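Trainee: How does the following fold in three dimensions:
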Amino acid sequence: MSIPIPHYDPISGDPSPSPPKAHTINLSTKILSKILVCLIMIPLAVTAFLFILTSLGFTFFFFALYWFLHRNHRHRLRRNRRHESSDGLSWRCVKMLPQFKFYEPTEFGSDCVVCIDGFRQGQWCRRLPRCGHVFHRKCVDSWLIKVATCPICRDRV
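Mentor: Model (predicted):
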């Protein structure tokens, strides 16, 4: 009876090949773990990318919607103001208002409230007929074409 010798092949007399080494198992384990990581990480990365893309899409959509609604609102306000202010006087009516050259301060002061500048000797001014307020002619003419009321007391001209 023979005593078996470890790692010895009794038939050929050669030592038997050594059992598989740990690093070959580690190599296949590493490959398998990398495959599993890829199988997990790729769907996660795609999901994250799609989430970010969707978030940006919603952000852009709501920003565009807000901009459109705000723009539309401003346009309506501007249009309404234009209709309200379109009741200014015609150029012909404005030219018919009394005008004079300024020489001395009036009881309403010596400054034009439209341009906030003082009246100077020889400047053309207008006195509004109903309220008597005085302004530079150019200042009040451009005002009255837009709005048919006195800039100070809002009395109809």
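
Trainee: Outside of the one helix or strand S142 maps to itself, which residues are in contact with it?
Mentor: Assigned by DSSP states H and E, S142 falls within helix 137-146. The contact list for helix 137-146 (Cβ atoms under 8 Å, 6 or more residues apart in numbering) reads 85, 88-91, 94, 97, 99, 112, 114-115, 123-126, 128, 135, 151, 157. Every residue, glycine included, has its C-beta placed from N, CA and C.

Trainee: Could you look up the SS state of F100?
Mentor: strand (DSSP: H, G, I helix; E, B strand; the rest coil).

Trainee: does it have beta-bridge partners, and which?
Mentor: For F100, the beta-bridge partners under DSSP bridges are C125.

Trainee: pretty sure it contacts C125?
Mentor: Yes - counting by Cβ atoms under 8 Å, C125 is a contact partner of F100 at 6.0 Å.

Trainee: Which residue of those two possesses the greater neighbour count?
Mentor: Applying other Cβ atoms under 10 Å to F100 and C125 shows that C125 carries more neighbours, namely 20 against 12.

Trainee: ok now do that one, which residues does it touch?
Mentor: Contacts of C125 by Cβ under 8 Å, 6+ apart are Q99, F100, K101, F102, C112, F119, V134, F135, H136, R137.

Trainee: for T29, helix, strand, or coil?
Mentor: Applying three-state DSSP: T29 is helix.

Trainee: ok, now I152?
Mentor: Assigned by three-state DSSP, the conformation of I152 is coil.
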